[in-house]
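Chemist: No sequence on hand, only this structure:
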């Protein structure tokens, strides 16, 4: 498939009630393993990609290195490749438009873009984040690629008291509506595990909703029943793999 065909295919995989499952990867090797396991698409996790190269999360990994990794992934598998692009490596609309053009040059067809101010405090104002998303959409349109923009809100992730999450749903819906108008393709709500809140979001926004697997989250079947269109695993796969590696390394090194 061409990049455009992959992008359209990726978008078609987001169905409310029949969610796309993404077991997040961090390099070409894990992308190939996911493809061989039957994945319909692959998606990176920013924390995992950074950690695998010895960097912290929060755009600590240089953009040039990230682009090289993504290009290797896209060259290794025949699947659509989506990238956890954090804050899109820029603050202004002009900056994020330029980084988007560079990302599209790797062959990627999707990106997560968060409304957390990377390196700062809090979230971008809705209008500011909408302008950033609109710039990303315009850059993709100019490149001729129907980029899947998964607009992430950190409203829930930054609130550690989950009992307060239901009260944040109206604010999340305001952001979903604004982000959709700006050109977003999906709405990502990491940190949210409350079934009623997830169900309300799925009912009250036209955007396909993406939920991340965390302790306490509903099962995949339950999420499907709530109307979720995408389930991702974030840094979980990397942590599991590194724990298994360390345990086996310790056993091997302890052998006589």
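Modeler: In hand now; what should we look at? Remember, predicted model here, so these are calculated numbers, not experimental data.
Chemist: in which helix or strand would I find residue 82?
Modeler: strand 81-84 (DSSP states H and E).
Chemist: Indicate each strand paired with that strand and its parallel or antiparallel sense.
Modeler: The strands beside strand 81-84 in its sheet (DSSP bridges) come out as strand 42-43 (parallel), strand 110-114 (parallel).
Chemist: how far does the longest one sit from the chain's center?
Modeler: I take that to be strand 110-114. 5 Å (CA atoms, centre = their mean, to the nearest Å).
Chemist: any chance you could map the strands in this protein?
Modeler: Ranges of strands in the chain, per DSSP state E, are 20-22, 42-43, 81-84, 110-114, 148-152, 186-188, 209-212, 230-232.
Chemist: So what touches the first one?
Modeler: Pointing back at strand 20-22 there. By CB atoms under 8 Å, 6 or more residues apart in numbering, the surrounding residues in contact with strand 20-22 are 13-14, 39-43, 82, 220, 229-233. In short, each C-beta sits where N, CA and C put it, glycine included.
Chemist: Same check on the second one?
Modeler: The set of residues that contact strand 42-43 without belonging to it, under CB under 8 Å, 6+ apart, is 22, 24-25, 31, 34-35, 73, 77, 79-84, 110, 112, 232.
Chemist: got the contact list for residue 78?
Modeler: Counting by CB under 8 Å, 6+ apart, residue 78 touches 1, 35.
Chemist: For it, report the pLDDT, please.
Modeler: You'll see residue 78 listed with a pLDDT of 98.
Chemist: tell me the pLDDT at the residue lying closest to residue 26 once chain neighbours are set aside?
Modeler: Leaving aside its chain neighbours, residue 26 sits nearest to residue 48 (3.9 Å; criterion: CB to CB, 6 or more residues apart in numbering). The model reports residue 48 with a pLDDT of 98.
Chemist: wait, residue 48 sits on residue 238?
Modeler: Yes. The criterion here is CB atoms under 8 Å, and residue 48 meets it with residue 238 at 3.6 Å.
Chemist: Quick check: neighbours shared by the two?
Modeler: 24, 26.
Chemist: tell me the contacts of residue 124?
Modeler: Going by CB under 8 Å, 6+ apart, residue 124 touches 115-117, 132.
Chemist: ok, now with 7 Å
Modeler: Applying CB atoms under 7 Å, 6 or more residues apart in numbering, we find residue 124 in contact with 115, 117.
Chemist: so how far is residue 208 from residue 18?
Modeler: According to CB to CB, to the nearest Å, residue 18 and residue 208 sit 10 Å apart.
Chemist: can you list contacts of stretch 88-100?
Modeler: 59, 63, 113, 131-132, 135-136, 138-140.
Chemist: Can you flag the buried ones in those residues?
Modeler: Among those, those scoring as buried are 59, 63, 113, 131-132, 135-136, 139-140 (criterion: 16 or more other CB atoms under 10 Å).
Chemist: Residue 112 touches residue 148, doesn't it?
Modeler: No. Using CB atoms under 7 Å, residue 112 is not in contact with residue 148; the gap is 9.6 Å.
Chemist: closest to residue 199 among the contacts of stretch 88-100?
Modeler: residue 113 (24.5 Å; CB to CB).
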